[in-house]
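> Generate a structure from the sequence data that follows.
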Amino acid sequence: ILSNLISNALDAVVGQSGPWIRVSAGPVASGWGKAGSAPAGFVLEIAVEDNGPGLAKEVRDRLFEPHVTTKAKFNGMGLGLSFCQRLVSRNGGHIGFDAEAAQTRFFFSLPLAQGQHTTRREEQAQVA
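This is a model prediction of the structure:
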């Protein structure tokens, strides 16, 4: 899943002035919006952001459908995100596109096992 999101981001930043990709991960409180059905507790969220040209509004609602692609003809089949969505769903998670982010941002979340989350401060305290 992460490999697919990074590969898509790499394709998006080609030709950009000062291209960048940012990958972040950490525990967040569960709940993926009004339609979400996450278990109580925390989930691990992994996000991939890039400074590519972004996505047209016409494509955003269909991103996770098979054969939907923003790539030039013969450069992609449009199966990566739909496959990722199936994998994430089968593991009790959620994948999405953050339409409100300043840059292009995809994320996926997976449930953490009970008691497997810590905040950055707790991690620092455990190391000290």
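> would you list every one of the helices in the protein?
For the chain, the helices defined by DSSP state H occupy 2-13, 57-60, 80-90, 120-127.
> Kindly reformat these as a markdown table containing mean neighbour count, distance to Leu112 and mean pLDDT.
No exception for glycine: its C-beta is placed from N, CA and C like everyone else's. Output for those, formatted as a markdown table (neighbours: other CB atoms under 10 Å; distance: least, CB to CB, whole Å; pLDDT from 0 to 100):
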| stretch | mean neighbour count | distance to Leu112 | mean pLDDT |
| --- | --- | --- | --- |
| helix 2-13 | 17 | 17 | 93 |
| helix 57-60 | 10 | 28 | 80 |
| helix 80-90 | 16 | 14 | 91 |
| helix 120-127 | 9 | 14 | 50 |
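> Please dump these into TSV; it should also carry distance to Phe42 for every row.
Formatted as TSV, these follow (distance: least, CB to CB, whole Å):
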stretch	distance to Phe42
helix 2-13	19
helix 57-60	27
helix 80-90	16
helix 120-127	12
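> Grab the nearest non-local neighbour of Leu5.
Spatially, and ignoring its direct neighbours in sequence, Leu5 is nearest to Val48 (4.1 Å; CB to CB, 6 or more residues apart in numbering).
> Can you name the residues that contact the one you found?
With contact set as CB atoms under 8 Å, 6 or more residues apart in numbering, Val48 has these partners: Leu2, Leu5, Ile6, Asn8, Ala9, Ile21, Arg22, Val23, Arg105, Phe106, Phe107.
> Local confidence estimate at it?
On pLDDT, Val48 comes in at 97.
> does it have beta-bridge partners, and which?
Note on Val48: beta-bridge partners Val23, Phe106, judged by DSSP bridges.
> Check Phe97 too.
Counting by DSSP bridges, Phe97 is bridged to Phe106.
> Pull the number of nearby residues for it.
When neighbours are counted by other CB atoms under 10 Å, Phe97 registers 17.
> how much space is there between the closest residue to Gly26 other than its chain neighbours and Ser7?
Closest residue in space to Gly26, ignoring its immediate chain neighbours: Glu45 at 6.5 Å, by CB to CB, 6+ apart. Distance, Glu45 to Ser7, by CB to CB, to the nearest Å: 20 Å.
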